[in-house]
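Student: Dropping the sequence and predicted coords here.
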Amino acid sequence: MLPDIIITIDGFSSCGKSTLAKQLARKLHYTYIDSGAMYRAITLYFLRNNVNWANENEIVSALDNITVEFLPNIHTGNTEIYLNNENVEYIIRDLVVAEKVSEIAALPEVRKFAVAAQQKIGAKKRIVMDGRDIGTTVFPDAEVKIFMVADEAVRVERRFTEMFDKNPNITLEEVRNNIAMRDYIDANRKVSPLTKAEDAIELDNTNLTPKEQLDFALQLVQKVVEPV
Ligand SMILES: Nc1ncnc2c1ncn2[C@@H]1O[C@H](COP(=O)(O)OP(=O)(O)O)[C@@H](O)[C@H]1O
Ligand SMILES: Nc1ccn([C@@H]2O[C@H](COP(=O)(O)OP(=O)(O)O)[C@@H](O)[C@H]2O)c(=O)n1
């Protein structure tokens with residue numbers, strides 16, 4: 001049986017991190033944690049409650065009222081996010097949330113809150129967590145670190161196809177602008193900007209199938225568990 005380790009997957013938007021993280025978690029009988037969902041859920045709360053995030057006191061008191069949990073969906077086997085006991089797994093994928101999430105995720109108080117929650121979840125290991133700063137800040141000692149990349153046009157096309165399925169009014173342009181804006185803010189913010197950890201292995205899935213990306217990641221895990 002696989003020993004208790006932590007697998008981190010970081011990278012820009014829409015390159016396939018959560019797809020790979022779910023595949024790995026299922027295969028290894030680990031728990032998948034979508035750290036981006038936490039920032040999206042916090043953003044949803046801020047938007048719904050008109051929190052003025054220019055005011056530090058308002059941010060702190062809003063965070064005091066937020067509980068975020070990951071619970072398994074018994075039908076899919078994947079974990080889903082709950083904000084104050086409400087399942088918000090699907091609503092947080094909306095463009096309204098995506099438009100603001102990177103701004104809110106750049107706030108130091110928000111990052112402190114989310115990182116502490118993520119580290120608590122990972123205390124017993126046996127998790128695959130994806131995000132932007134998981135291998136650098138949240139779990140710098142993780143046993144397996146993957147940094148995913150894919151060509152921007154491919155990422156935009158993939159995310160557009162996914163969002164169009166749920167909302168046929170969305171345009172390719174809106175998706176492209178949102179991804180470019182978030183990538184820029186995420187890579188340039190002051191606290192834990194998105195960057196490849198020195199010891200992370202890069203995985204470019206531009207031309208890989210989901211099966212090929214899983215095989216690549218499983219080989220990495222195998223190397224760490226049974227070094228030759
Ligand atoms: N290797 C791949 N080939 C084609 N499509 C993929 C591949 N990996 C992921 N996708 C699709 O790309 C979209 C974005 O993937 P996702 O895992 O949500 O990215 P991220 O978590 O990095 O934002 C999803 O619709 C997913 O089904
Ligand atoms: N560890 C993380 C994960 C996400 N985020 C923020 O949350 C946003 C949404 O993350 P996500 O993983 O759901 O985004 P996608 O890759 O699915 O587009 C990102 O654009 C970042 O602004 C972060 O700052 N740190």
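Tutor: Thanks, I have it. Given the structure is predicted, the values throughout are model-derived calculations rather than measurements. Ligands and ions are numbered 1, 2, ... in the order given.
Student: Strands of this protein, residue ranges please.
Tutor: Secondary structure of the chain, counting by DSSP state E: strands at 6-11, 31-34, 68-72, 79-83, 86-87, 127-131, 144-149, 201-204.
Student: what about the ones you listed, which gets the closest to ligand 2?
Tutor: Between ligand 2 and those, the shortest separation by CB to the nearest ligand atom is 2.5 Å, and it involves strand 127-131. Glycine gets a C-beta too; all of them are placed from N, C-alpha and C.
Student: what lines up beside the closest one in the sheet?
Tutor: Partners of strand 127-131 in the sheet, by DSSP bridges, are strand 6-11 (parallel), strand 31-34 (parallel).
Student: would JSON lines of the ones you listed with distance to residue 130 be doable?
Tutor: Supplementary listing: these in JSON lines, determined by distance: least, CB to CB, whole Å:
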{"stretch": "strand 6-11", "distance to residue 130": "4"}
{"stretch": "strand 31-34", "distance to residue 130": "6"}
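Student: what does the protein have sitting close to ligand 1?
Tutor: Neighbours of ligand 1 within the chain, by CB under 6 Å from any ligand atom: 11, 13-19, 130, 158-159, 162, 205, 208-210, 213.
Student: Show me how to select, in ChimeraX, the buried members of those.
Tutor: Written as a ChimeraX command, the selection of buried residues from these, which uses 16 or more other CB atoms under 10 Å, is:
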select :11,13,14,15,16,17,18,19,130,158,159,205,208,213
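Student: Also within reach of ligand 2: list those from the residues of the chain next to ligand 1.
Tutor: When contact is defined as CB under 6 Å from any ligand atom, the residues of the chain next to ligand 1 meet ligand 2 at 13, 14.
Student: State whether residue 125 and residue 4 are indeed in contact, as I suppose.
Tutor: Yes. Using CB atoms under 8 Å, residue 125 makes contact with residue 4 at a distance of 4.0 Å.
Student: low pLDDT regions in the protein?
Tutor: Under the criterion pLDDT under 70, the flagged ranges of the chain are 227-228.
Student: before we move on, the earlier item: okay, the strands paired with strand 127-131, which one's buried deepest?
Tutor: Comparing the strands paired with strand 127-131 by mean neighbour count (mean count of other CB atoms under 10 Å), strand 6-11 ranks first with a mean of 27.
Student: and that strand with strand 144-149, angle?
Tutor: In this structure, strand 6-11 runs at an angle of 10 degrees to strand 144-149, with axes from the mean of the first three to the mean of the last three CA atoms, to 10 degrees as the basis.
Student: Return the residues in contact with the nearest residue to residue 157 once chain neighbours are set aside.
Tutor: The shortest distance from residue 157 to any residue that is not its chain neighbour, by CB to CB, 6 or more residues apart in numbering, is 7.8 Å, and that residue is residue 172. Contacts for residue 172 were tallied using CB atoms under 8 Å, 6 or more residues apart in numbering; they are 156, 157, 160.
Student: ok, now residue 81?
Tutor: Residue 81 sits in contact with 34, 37, 38, 40, 41, 68, 69, 70, 87, 88, 89, 92, where contact means CB under 8 Å, 6+ apart.
Student: Kindly report the same for residue 186.
Tutor: 12, 13, 102, 105, 132, 193, 194.
Student: Buried subset of the contacts of residue 81, written for PyMOL?
Tutor: In PyMOL, the members of these classed as buried (16+ other CB under 10 Å) are selected with the following command:
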select buried, resi 34+37+38+40+41+68+70+88+89+92
